[in-house]
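Chemist: Fold the following and give me the result.
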Amino acid sequence: MLSIPVQPLSVGEFEKYGSIVSPEEEIHKLGSQATKGANQGTAIKILKVSRNQNLFPTECDVRASHWNLFRCFPRPHLKRSFLEYSTNDLVQHDIKVLEKHPNSSQTFVPMGRDANALAYLVVVALSDEQDEPDLSTLRAFTCKGTQAVTYGAGVWHAPMIALGPQDYLDFSVAIYELGDDSEPEMDLVERFYPDGEMLVALNAV
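Modeler: This next block holds a predicted model:
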């Protein structure tokens with residue numbers, strides 16, 4: 001059994017796996033330099049906080065990303081509130097599949113959740129020398145309702161894991177896709193694992 005380390009999502013901790021949009025973290029970094037200089041003086045604009053990647057060969061002619069919609073339903077054991085700090089109530093979640101998008105980044109933007117509540121969990125891993133998941137690099141991140149995640153192209157990750165007592169969590173999702181059924185591996189590669197091989201322990205309320 002492999003226990004996957006869990007930590008709160010932050011820009012620095014996630015940078016090996018892609019990039020994130022974390023509004024409170026970015027505004028806090030500006031400090032007193034934060035000024036409402038955009039949108040006719042009603043907005044703070046921070047440039048280039050996340051990166052999109054299109055690694056498709058030129059001959060594939062994949063030029064524009066798509067915005068897709070994911071409505072994610074929490075598993076029954078995850079339909080409760082969770083915290084970033086330790087509690088006496090641990091809930092284990094089994095990771096049964098890792099996937100990657102070899103030629104594109106993938107950005108998940110949560111919609112309609114509270115800024116301070118943990119809304120979803122991401123599990124990521126880098127590739128080894130054979131381009132398979134390097135399980136020694138597995139990490140799990142708890143994400144708040146206003147934090148968006150961009151998986152880097154080729155970064156292994158679990159399918160999105162919704163948290164919380166709500167019935168579902170919506171994401172708008174940006175990705176470059178070939179969409180050719182004869183070459184599905186250009187868009188998605190998956191690896192499956194036995195039950196109980198990889199576990200994440202979450203702190204429940």
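Chemist: Which positions in stretch 57-72 come out as buried?
Modeler: 62, 65, 70, 72 (16 or more other C-beta atoms under 10 Å). C-betas here are computed from N, CA, C, even on glycine.
Chemist: List just the nearest of these to residue 183.
Modeler: residue 62 (11.7 Å; C-beta to C-beta).
Chemist: picking that back up, let's have the buried residues of stretch 57-72 in TSV, adding secondary structure, distance to residue 36 and pLDDT.
Modeler: Shown next, in TSV, are the buried residues of stretch 57-72 (DSSP: H, G, I helix; E, B strand; the rest coil; distance: C-beta to C-beta, whole Å; pLDDT from 0 to 100):
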residue	secondary structure	distance to residue 36	pLDDT
62	coil	37	96
65	coil	29	94
70	strand	33	98
72	strand	34	98
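Chemist: would TSV of those residues with distance to residue 93 be doable?
Modeler: Output for these, formatted as TSV (distance: C-beta to C-beta, whole Å):
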residue	distance to residue 93
62	34
65	30
70	18
72	14
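Chemist: What is the least confident helix or strand in this structure?
Modeler: Within the chain, confidence by mean pLDDT, DSSP states H and E is lowest for helix 23-30 among all helices and strands, at a mean of 92.
Chemist: And that one, what does it pack against?
Modeler: Here helix 23-30 touches no other helix or strand, going by 3 or more C-beta pairs under 8 Å, 6 or more residues apart in numbering; DSSP states H and E.
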